[in-house]
Structures are given as structure tokens and as C-alpha cells.
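Below is the sequence, then the predicted model.
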Number of protein chains: 2
Amino acid sequence: MTEEPKQIGKAAARTSIQDSPGGKRERNQKKLRDRISAAGIRLFSEKGFDATTVSEIAAAAGTSRRTLFRYFPSKDDVVFDWLDEQGDIICEYLTSRARDSSATHALRRAMLHLADCLDADSARASQLTRIVYDTPSLSRRYQAENSRWEGEVTEILLRGQAKKQAFLLRVQVAAATAGLVCAMRAWAADESNLSVRHWVRKGFRALNDFSEIERDGRSMSKKK
Amino acid sequence: MTEEPKQIGKAAARTSIQDSPGGKRERNQKKLRDRISAAGIRLFSEKGFDATTVSEIAAAAGTSRRTLFRYFPSKDDVVFDWLDEQGDIICEYLTSRARDSSATHALRRAMLHLADCLDADSARASQLTRIVYDTPSLSRRYQAENSRWEGEVTEILLRGQAKKQAFLLRVQVAAATAGLVCAMRAWAADESNLSVRHWVRKGFRALNDFSEIERDGRSMSKKK
DNA sequence: ACTTATATTGGCACTCAGTGCCATAATTGC
DNA sequence: GCAATTATGGCACTGAGTGCCAATATAAGT
């Protein structure tokens, strides 16, 4: 009934629109998708995101403008295809082993895990991070992507907790994400080859210091 | 040399392109600007942001498409004209009375001050907040606006501090902003007429709880 | 292998945001 | 009132994104 927009490529590779085991179609789609993505990232790195048109990317990838839009719903997605799996990494990590400690603790570990994933392929990670932070519209998109999975993460952490805690948890998740973003920005900007892990750790230290002086007590006297 | 894009209205009203004391021009500009803004917000509330075209807004405000774009560089700005002063409020507050306590303490007070400003005109504030949170592209823009002034706030708090603390501070500012965003979202979504101040206070409590269990010590053994 | 059904492709034309250009109309200073 | 600015709005353009449709490639059936 709902008749989804029928996107190709990624969707096909994962959920398989048609279940051909090792079909030629599927392989071609994956190839094309990778070619477009690679061409896009190359051009973005060379000329900048805004100065690159979709038509150029399509031409460089040897396909048509129209087809490109069938693989990637927007120009942004050419970049985010590689980048938006970060949320999945966090969610998977938390789903599999969240229950063994407090929320903030679990968050910290999940972020460090993500950092390790990025460090494992730091060349591409830093290239993409740079593109994103150099392009205002992509920065926005990145933030948006983050707050999208903040919701999911909150859901996961909420299991077995009192529902009343939802807001508190949400804030803590958002703070952790903010720490991650700062860490990535610092990492991408920094020359000294420190690991993402290092920056994330430092970021969480800042978060932990938050309450250090914040013990002025009477802040919660008038409750509402 | 740099030949700025010469925006009208807001820029004219503040820095005054021409210094006519109480000129008729200036008054007309302010009127037109307000009419456009009002028309836009009304239409956005009625039909939704994406379903409203700039031509419609221009028509509703009794002007032309082209002129609208001279007053507001983008469709987004029709909304953000009212909303982006939040950063200014925070910055001003911190500039005038930041030095008397710790950074996190000052942040908390500044955010509470902003909350009070919003509570003072909660009708319009909640209308705009709702438009923003209902429209993905505006949410992004809002986040972007926030991280823009995060930089300024960090600068302000950094005065008289060791430069090495920049990153730590930045994370804390980002966390405080994240708390604010969560608070505003909760406030706009909530029916029970609680004040913004209430949600902000609650948000900061969540932030303070961050370190609660986070004392597993040996996390900083391998410093890198 | 040949044919049919189906999915992909790419071309065309459209909408809408945003911008440069220019003639016209309004405002200001004299 | 007149001349110099300055705002205005119309026109045409670019670029992103979308619907439609004919041509083509792949999958499935015989």
C-alpha cells in the first residue's frame, strides 16, 4: 500500500528488491553505486562540494544525472552513504552489550568503539570528515544524521529503565554525541596524527568535569 | 574592496546603509520586513514549510519574489530572523558576567537566562519552535546556528583561561547547547505548560549526572 | 536459444530555490 | 523642483530534485 520510493543500490544490496542469489543485476548495481560515490568524493575533495554539480559526478561515473538520483536521493547522500553507518555502529554496539552498566558508561564505551572503527580506516575517515566540516550544508546534514540516531540510542538505553528517565537519558545521549562531534572536528583539524580515540576520551573527560563546580545545591529548590 | 552583498532591512536597521535619522525609507523597510516575516510564519504554520513557496510568501506580503530575497537571503531566514538572536542573548549574558565562577556554572546560568527570555514571550517562541522541529531542513539550520555561536561562547569563556583548555571548554559548551536543544524540543512537544526554565534546569541535572558512575579510574592509563 | 515479463536506464520537461542584470519608480539631498 | 541614490520588480538564468515514458538490459519460462 505504502509503495515506497523504490530506491536502488543500497536498498537492493541489503534487503534485495529481487532475491537473485548472486545475480548480475545486483553486482552491476553495487559497482555503479561505488563508482558514483567514488567519483563524487573525488570531485568534492578537488573542487569543493558546492562547486561540483550532480551532472559532473554522473558524467565522471559514466552514467546519467537521472540514474544518479535513483541511487542517491540527494547530492548529500553521495557523501553520507559512507558516513551514516556511524549511527548503526553505535546502535549495534549498545544493543549487544549495553545492559552491563550505567547509561553514561555504556555511551562512553560505545563512542570509543566507534572511534576505533574510524581509526581502523583513518585515511578515508579523515577525507570524508574534512569534506563534511568544510561544507556548511553537509555539517548541518551531519548534525541532523546524528540527532536522528540519538533517538534510537535513547530507546535502546531506555530498555529496563523507568520511562520517566527518558528526558534525562536523551540529554545525556545528546551530550555524548556533542562530545563525539567535537572530537571528530578536533581530530580532522589537528595535524599531529592523534587517534580519534584519544580525542573522544578527552571529550568525555570534559563531560565528566561538568558537575565539578556545579554543586551550588539550591538550584533545585523551586521545582516548577 | 570586499563589496558586501548589500542586504536590506535588518542590516540597514542595525548598521544603517544610509544614516537617515528617522527616514521614511528605513521605516518602510522595517514594515516590509515584518510583513514578509509575519506572512511567512503564518503560511508555514498553516501549510508547512516545504509546501509554502517563496512566491506565495511574497504575494501574501504584497511584494515581489525578487525583493523578498533582498530582505532574506534564503527561505530559511524568514523564520530564523526571529530565532537566531538566541546566540546573541547567551553571548551578551556571558560577556557581561561570566568571570565570577566556573565555566559550567556560567553556562548553566546563561542558559537559564535564555530560558527566561523565551518564557517571557512563550506564545511566539513555541510557535516558532514548533515550525523548526516540524521541518527537518529547519532543524538542521537551527543546529547549525547553534554550533556557530558555540564557537563565540567558547571564545568568551576562554578569556583568562589556559589556552590548552580550549577543547575541554568547547565540549562543555556543546554539551550545554545539546541540553538546551533537548529542553526546547521537550518543551515544544509537551502539553503540560511547563516553563522552558523548568526543562533547562532538568537538562542540566542530566548533564551533572554524567560523571556519576564514570569513575572506573583506569580509563586514562594509556594516555597516548 | 528464444520469447515474455520485469526492472533499469536515460532523456525530456517540469517545479522551486536562489542570483545577476537592468529598466523603472520611489526617496533623499540640494 | 531637480539631480543623485537607492529600492523595486520583472526577466532570464543555473542547479537540485522529480514525474513520465520510451528504449534497453536482465531474469524467468518454455
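Thanks, I have the structure now.

Relative to B:Lys47, how far out is A:Glu145?
27 Å (CB to CB, to the nearest Å). Glycine gets a C-beta too; all of them are placed from N, C-alpha and C.

One more: A:Arg27?
45 Å.

go on, A:Val153?
The gap separating A:Val153 from B:Lys47 is 33 Å, by CB to CB.

So those two - more neighbours on which side?
Taking A:Val153 and B:Lys47 together and counting by other CB atoms under 10 Å in any protein chain shown, A:Val153 has the greater number of neighbours (28 against 12).

Near DNA strand D, which residues of chain A? Just list them.
Chain A comes close to DNA strand D at residues A:18, A:20, A:23-26, A:28, A:52-55, A:65-66, A:69, A:73-76, as judged by CB under 7 Å from any atom of the strand.

For A:Asp88, grab the count of nearby residues.
By other CB under 10 Å, 11 other residues sit near A:Asp88.

A:Leu83 too?
Counted by other CB under 10 Å, the residues lying close to A:Leu83 total 20.

contacting residues around it?
A:Leu83 makes contact with A:Leu128, A:Val132, A:Tyr142, A:Glu145, according to CB atoms under 8 Å, 6 or more residues apart in numbering or on different chains.

go with 7 Å
By CB atoms under 7 Å, 6 or more residues apart in numbering or on different chains, the residues touching A:Leu83 are A:Leu128, A:Val132.

Verify the stated contact: A:Pro104 with A:Gln172.
Careful, residue A:104 is Thr and not Pro. Yes - look at A:Thr104 against A:Gln172 with CB atoms under 7 Å: they come within range, at 5.7 Å.

Please enumerate the shared neighbours of the two.
Here A:Thr104 and A:Gln172 have B:Phe210 as joint contacts, going by CB under 7 Å, 6+ apart.

Neighbour count for those two, which is higher?
More crowded of A:Thr104 and A:Gln172, by other CB under 10 Å: A:Gln172, with 28 against 24.

List phi and psi for the more buried one.
Backbone torsions of A:Gln172, given as degrees, to the nearest 10, read phi -70, psi -40.

isn't it right next to A:Ser102, touching?
No - contact criterion CB under 7 Å: A:Gln172 and A:Ser102 do not qualify, at 9.7 Å.

any residues touching stretch A:62-80, and which ones?
A:7-9, A:32-33, A:35-37, A:40-41, A:44, A:54-55, A:57-58, A:81, A:128, A:131-132, A:138, A:141, A:145.

buried set for that stretch?
For stretch A:62-80, the neighbour count (16 or more other CB atoms under 10 Å in any protein chain shown) marks A:Thr63, A:Leu68, A:Tyr71, A:Phe72, A:Lys75, A:Asp76, A:Asp77, A:Val78, A:Val79, A:Phe80 as buried.

what do you get for stretch A:86-106?
Those would be A:86-87, A:89-91, A:93-94, A:98, A:102-106, for stretch A:86-106 by 16+ other CB under 10 Å.

Within reach of chain B, which of those residues are there?
The subset of the buried residues of stretch A:86-106 within reach of chain B, by CB under 7 Å from any CB of the partner chain, is A:Ser102, A:Thr104, A:His105.

With respect to chain B, which of the residues you listed is nearest?
Closest approach between these and chain B, by CB to the nearest CB: A:Ser102, at 3.8 Å.

pLDDT value on the closest one, please?
Predicted confidence (pLDDT) for A:Ser102: 85.

now A:Ile17
Each residue has a pLDDT score; the one for A:Ile17 is 32.

for chain A, what helix or strand is lowest in average pLDDT?
helix A:10-15 (a mean of 44; mean pLDDT, DSSP states H and E).

is it true that A:Gln29 touches A:Ile36?
No - between A:Gln29 and A:Ile36 there is no contact under CB under 7 Å: 10.7 Å.

ok, these two, which is more surrounded?
A:Ile36 (24 against 19).

Perfect, I'm done here.
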